[in-house]
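K.L.:
what would the 3D arrangement of this be:
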Amino acid sequence: MFWLLKRIEVADAEPIARSMEAVLTEHPYWRQSAAQERDVRRGLYKALIEAKVEKVGDVVGYVLNVLRRAS
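P.N.:
Presented below is the predicted three-dimensional model:
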């Protein structure tokens, strides 16, 4: 997660990545479950908004697309 955020130049990527990783860990079946995917999206949005990241929707979309392709 950290490297994905660094790649798109998100400031203060490490603590944000830890928050995002915790969300994904809590919802291990987000790829198969629409309900878990909604929860993951909410959690990722929350972590990014709290960190005052711009273009939150773009960042969440990018991260989830990369993770889907990696599986």
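K.L.:
keeping just the C-alphas, turn the longest helix belonging to the chain into CSV.
P.N.:
The longest helix of the chain (DSSP state H) is helix 34-50. The C-alpha trace of helix 34-50 is given here as CSV (Å, rounded to 0.1, in the frame of the first residue of the first chain):
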residue,chain,number,x,y,z
ALA,A,34,-20.2,-6.5,-2.6
ALA,A,35,-21.0,-5.7,1.0
GLN,A,36,-17.3,-6.0,2.0
GLU,A,37,-16.2,-4.0,-1.0
ARG,A,38,-18.5,-1.2,0.1
ASP,A,39,-17.0,-1.3,3.6
VAL,A,40,-13.5,-1.2,2.1
ARG,A,41,-14.3,1.7,-0.1
ARG,A,42,-15.8,3.6,2.9
GLY,A,43,-12.7,2.8,5.0
LEU,A,44,-10.3,3.9,2.3
TYR,A,45,-12.2,7.1,1.7
LYS,A,46,-12.2,7.8,5.5
ALA,A,47,-8.4,7.2,5.8
LEU,A,48,-7.7,9.5,2.8
ILE,A,49,-10.1,12.3,3.8
GLU,A,50,-8.7,12.3,7.4
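K.L.:
buried set for the very next helix or strand once past it?
P.N.:
Reading on from helix 34-50 to the C-terminus, the next helix or strand found by DSSP states H and E is helix 56-70. Judged by neighbour count (16 or more other Cβ atoms under 10 Å), helix 56-70 contains these buried residues: 56, 59-60, 63-64. For every residue, glycine as well, the C-beta is placed using N, CA and C.
K.L.:
stretch 47-65 spans what distance, first to last residue?
P.N.:
One end of stretch 47-65 to the other measures 18 Å (Cα to Cα, to the nearest Å).
K.L.:
excluding its own residues, what touches that stretch? List them.
P.N.:
Stretch 47-65 is contacted from outside by 1, 4-5, 8, 10-12, 15-16, 19-20, 23, 40-41, 44-45, using Cβ atoms under 8 Å, 6 or more residues apart in numbering.
K.L.:
7 Å instead, please
P.N.:
4, 8, 10, 12, 16, 19-20, 23, 41, 44-45 (Cβ atoms under 7 Å, 6 or more residues apart in numbering).
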